[in-house]
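Asks: mind looking at a prediction? Sequence and model below.
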Amino acid sequence: MWNPFRARPAAALLDIKPDGGAGRLVDNDTVRAPGAPSWSELLTRQRTMTNDHPVDRCLLRGLVYCGPCGRPRVPALDDGRRVYRCADAGCRTPLVSAEETEQAVWAKVAELNREAVKGITRHGRRDLLVAVLRSVTTTYGGLVFQWHDR
């Protein structure tokens, strides 16, 4: 498959004439290799693609923090299961299950925002969480929520 980000020689970016003459740009505003999809085709593909990698499905990315050290927890995979791990490699706090943490957080958000969560899609959940939740800190005793001021 053609990769738009792979480095290419300058000649590959031009439409070289068979006689070896000077080439021309393929599009007026874009430089691309012959046979490569146009930027509009790439953008359409990007808009219609769903990234289904397990780590990319983490609803709380950027919202979860490690209680003991205060650093962010980042999405990761541990034996195929989604987890949040501390961003500090030296921190020895255990991994937390992404599934369980997300369910607990969503249950709390739904409890406090009953009207807002009605009819919300899976993809809309992330937007709502970012809007109402400042952070979630994982501690040994559970979750500590910090909310945006309303």
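Replies: Sure thing, it's come through.

Asks: elements contacting the helix ranked longest in the chain?
Replies: For the chain, the helix with the greatest residue count under DSSP state H is helix 98-112. Contacts defined by 3 or more CB pairs under 8 Å, 6 or more residues apart in numbering; DSSP states H and E place helix 98-112 against strand 81-86, helix 122-132, strand 133-139, strand 142-147. Quick note: C-beta positions are derived from backbone N, CA and C, even for glycine.

Asks: cutoff 10 Å now
Replies: Packing partners of helix 98-112 (3 or more CB pairs under 10 Å, 6 or more residues apart in numbering; DSSP states H and E): strand 64-66, strand 73-78, strand 81-86, helix 114-117, helix 122-132, strand 133-139, strand 142-147.

Asks: quick one, which of these gets closest to Lys108.
Replies: Across the helices and strands packed on helix 98-112, Lys108 has its closest neighbour in strand 142-147 (6.4 Å, CB to CB).

Asks: and the angle for the closest one with helix 98-112?
Replies: 50 degrees (axes from the mean of the first three to the mean of the last three CA atoms, to 10 degrees).

Asks: so what strands line up beside strand 142-147?
Replies: strand 133-139 (antiparallel) (DSSP bridges).

Asks: any stretches of the protein with poor pLDDT?
Replies: 1-35, 37, 39, 42-56, 150 (pLDDT under 70).

Asks: can you list the domain ranges for it.
Replies: As given by automatic domain parsing, the domain ranges for the chain are 10-48, 54-147.

Asks: tell me which residues of the longest helix of the chain are tucked away?
Replies: For helix 98-112, the neighbour count (16 or more other CB atoms under 10 Å) marks 98, 101-102, 105-106, 109 as buried.

Asks: can you pull the contacts of Cys86?
Replies: Cys86 is in contact with 64-74, 76, 92-96, 138, counting by CB atoms under 10 Å, 6 or more residues apart in numbering.

Asks: give me the contact list for stretch 64-73.
Replies: 58, 60-63, 74-75, 83-88, 90-93, 95-96, 98, 101-102, 105, 133, 135-144, 146.
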